[in-house]
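> Here's a sequence, model it:
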Amino acid sequence: MLTILLVTATLVTSLISGVLSMAGGMILMGVFGFFLSVPAAMVLHGVAQTVSNGSRIWLYRDHIRWSVLAPYSAGALIIFGFFIAVTFIPNKAIVFILIGAFPFIALCIPKSVDLDIENKFIALLCGLLVTTAQMLAGASGPVLDLFYLKSKLTRQEILGTKAITQTFGHCLKLSYYSFLITSVEALSLPIFIAVVIAAILGNWLGSQIVNHINDRTFKSIGRLVILIIGAIYIGKGFFELL
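You can find the predicted model right below:
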């Protein structure tokens, strides 16, 4: 039953990410975090999201803004090096609270602040912040969305460019937490295989839906979805603390 639940969650959230380029990883980390230890959840989530985002790289390869990659990667590697140095593992309650808080933190940023992902300094800042979120909470979608929702990029450009930066970040997270797992009984090979297949299928299904929505709908629905999920996860996090 656990395998079926984890695979179904991967399929559904990959479909959501495939349509909105957001929220899917956030939901999936919550599901994995509920049933698995933090390191195990981080690893399985890393595999699912690496494949999920990786498949979107291929689907939207002609729309990727490659100029973003170098400064973003520099920021990501700085944070990765810091985590290797301190070897920090957050507890489950903090994971849920952080995931849930990100969308609301985004609302506090003044509209006058221009977070244009195509600006090299902003791309570097994005790499620093998003990778920190990935390492601490597993999911970083709401943070990354700050750099895209107000942009002039089309939905296809957002899907493709976010996919390549997220894939890189999840690979870093996966490599970090793989060495911190103390129990792997829930992470058998069939689970990994099933999760990979579900991630690819979900993204393919999502790509079919993207062609039938416009850019405005794409962005507005995404904002609403991540706020609702954020509120639920904050509640879950405080419940874990009690």
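> Report the next helix or strand after the lowest-mean-pLDDT helix or strand in the chain in sequence order.
Ranked by mean pLDDT, DSSP states H and E, the helix or strand of the chain with the weakest confidence is helix 141-145, at a mean of 71. Following helix 141-145 in sequence order, the next helix or strand is helix 155-178 (DSSP states H and E).
> Tell me which residues of that following helix come out buried.
Buried residues in helix 155-178, counted by 16 or more other CB atoms under 10 Å: 155-174, 176-177. Every C-beta, even on glycine, is put in place using the N, C-alpha and C of the backbone.
> Just the CA trace of it, in CSV.
Extracted C-alpha coordinates of helix 155-178, given in CSV (Å, rounded to 0.1, in the frame of the first residue of the first chain):
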residue,chain,number,x,y,z
ARG,A,155,4.6,29.5,-20.1
GLN,A,156,6.8,27.3,-22.3
GLU,A,157,9.9,29.3,-21.5
ILE,A,158,9.1,29.2,-17.8
LEU,A,159,8.6,25.4,-17.9
GLY,A,160,11.8,24.7,-19.8
THR,A,161,14.1,27.1,-17.9
LYS,A,162,12.7,26.2,-14.5
ALA,A,163,13.1,22.5,-15.4
ILE,A,164,16.8,22.7,-16.0
THR,A,165,17.6,24.8,-12.9
GLN,A,166,15.4,22.6,-10.7
THR,A,167,17.0,19.4,-12.1
PHE,A,168,20.4,20.7,-11.2
GLY,A,169,19.3,21.6,-7.7
HIS,A,170,17.6,18.3,-7.0
CYS,A,171,20.7,16.4,-8.2
LEU,A,172,22.7,18.4,-5.5
LYS,A,173,20.1,17.6,-2.9
LEU,A,174,20.0,13.9,-3.9
SER,A,175,23.8,13.6,-3.7
TYR,A,176,23.9,15.3,-0.3
TYR,A,177,21.1,13.3,1.4
SER,A,178,22.1,9.9,-0.1
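> So which elements touch the next helix or strand after that helix?
Per DSSP H and E, the first helix or strand lying C-terminal to helix 155-178 is helix 189-210. Packing partners of helix 189-210 (3 or more CB pairs under 8 Å, 6 or more residues apart in numbering; DSSP states H and E): helix 2-20, helix 38-59, helix 155-178.
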